[in-house]
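S.K.: What follows is a protein structure lacking sequence information:
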């Protein structure tokens, strides 16, 4: 959950800094990266335990 909050914060910060209005693709890419990171961490923990 903390990872997703950081994602939304950085999207808001960086897109406002460069004046981007449409963030749909940035949001989708960031959330997909979050899910991939979570699934990878679960897989690594299962392999190592």
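M.R.: Yep, that arrived. The model shown is predicted, which means the values in this text are computed figures rather than measured ones.
S.K.: tell me what the top helix by length along the chain is packed against?
M.R.: Of all the elements of type helix in the chain, the one with the most residues (DSSP state H) is helix 24-48. Here helix 24-48 touches helix 2-17, going by 3 or more C-beta pairs under 8 Å, 6 or more residues apart in numbering; DSSP states H and E. Backbone N, C-alpha and C define where each C-beta goes, glycine included.
S.K.: And for the helix it packs on, what's in contact with it?
M.R.: Outside helix 2-17, the residues within contact range by C-beta atoms under 8 Å, 6 or more residues apart in numbering are 23, 26, 27, 30, 31, 34, 37, 38.
S.K.: And it, what's buried?
M.R.: Buried residues in helix 2-17, counted by 16 or more other C-beta atoms under 10 Å: 7, 11.
S.K.: what's the distance between it and the middle of its chain?
M.R.: 9 Å (C-alpha atoms, centre = their mean, to the nearest Å).
S.K.: show me the contacts for residue 36.
M.R.: Taking C-beta under 8 Å, 6+ apart, one finds nothing in contact with residue 36.
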